[in-house]
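Trainee: Output the structure for:
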Amino acid sequence: MNTVVRTPLTTALVTALLLAPQAALAEETPRADKHYIGLMATTFNHRTIGEGRKETAWGSGGTLVVGGHITDLFHAELRAGGGFKDAEVPNSDLSLAVDYYASWYMGLHYPITDYANVYGQFGFSYIQGEAEISDPENDRNKAFLDLEGEFPDSGFSVSWLAGLDFEVMDDTYLVFEGGKLFKDTGSDVNTFQFSGGLRYEF
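Mentor: Predicted coordinates:
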């Protein structure tokens, strides 16, 4: 009698265990229906600074990212950020500050494994900052005098990024990326951005 009862019970348990993962997969939200938010530490690499000098300087800041997946492969996002540490230009008394910036991007991401994706995106940015020379009378600052004041001269610029992300927990990704934030058409200073942080999809 006991054998007869145990057999249907065992069969029911095995069936339930086999079907549970399939049910969980069926309930998983398609990526095309998800949004995401991210927070990243960012470094700014300012290049070709100064007339005839072409100096390079580094600053740092932070970036907040909010976006959504249009399809399984395409996404759109908004970014806002600001500088924490000004870039001190070598061999001068010039510092470059990125006070804040806002960006809009469209992008393509492609899975390379079950847990990692590569992506690229293109868009536009608005940047507000300041260039300050603490000792403008010093001869070593002559190549940078045109930069003093509002920086960059052209607040709007084309931007692009390329990156790599790794899923470290469910819907949570570790992100590494780099690209161009802006080019100042007034001074020809190019500023690149390199970031790392976390993104959560929901």
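
Trainee: Now the phi/psi pair for residue 139, please.
Mentor: According to degrees, to the nearest 10, the main-chain angles of residue 139 amount to phi -60, psi -30.

Trainee: Ignoring the adjacent residues along the chain, who's closest to residue 197?
Mentor: Setting aside the residues directly before and after it, residue 197 is nearest to residue 40 in space (Cβ to Cβ, 6 or more residues apart in numbering), at 3.0 Å. Where C-beta positions appear, they are placed from N, C-alpha and C, glycine not excepted.

Trainee: Quickly find the element holding the one you found.
Mentor: If you go by DSSP states H and E, residue 40 is part of strand 35-49.

Trainee: Where do the helices of the protein begin and end?
Mentor: With DSSP state H as the definition, the chain shows helices at residue ranges 2-27.

Trainee: what's near enough to touch residue 132?
Mentor: Applying Cβ atoms under 8 Å, 6 or more residues apart in numbering to residue 132 gives the contacts 94-95, 97, 148.

Trainee: now do residue 37
Mentor: Listed by Cβ under 8 Å, 6+ apart, the contact set of residue 37 reads 64-67, 199-200, 202.

Trainee: Give the buried residues for stretch 159-171.
Mentor: 159-161, 163-165, 167 (16 or more other Cβ atoms under 10 Å).

Trainee: can I get those residues in TSV with distance to residue 101?
Mentor: Formatted as TSV, the buried residues of stretch 159-171 follow (distance: Cβ to Cβ, whole Å):
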residue	distance to residue 101
159	9
160	14
161	13
163	17
164	22
165	22
167	28
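
Trainee: Can you tell me which of the residues you listed end up in strands?
Mentor: Among those, the ones falling in strands (DSSP state E) are 159-161, 163-165, 167.

Trainee: Can you lay out those as JSON lines showing pLDDT?
Mentor: Shown next, in JSON lines, are these (pLDDT from 0 to 100):
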{"residue": "159", "pLDDT": "98"}
{"residue": "160", "pLDDT": "98"}
{"residue": "161", "pLDDT": "98"}
{"residue": "163", "pLDDT": "98"}
{"residue": "164", "pLDDT": "98"}
{"residue": "165", "pLDDT": "98"}
{"residue": "167", "pLDDT": "97"}
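
Trainee: Tell me which residues touch the closest residue to residue 202 other than its chain neighbours, please.
Mentor: Residue nearest to residue 202 in three dimensions, not counting chain neighbours: residue 35, with 6.0 Å by Cβ to Cβ, 6+ apart. If you count contacts by Cβ under 8 Å, 6+ apart, residue 35 has them with 66-69, 201-202.

Trainee: Cool, thanks, talk later.
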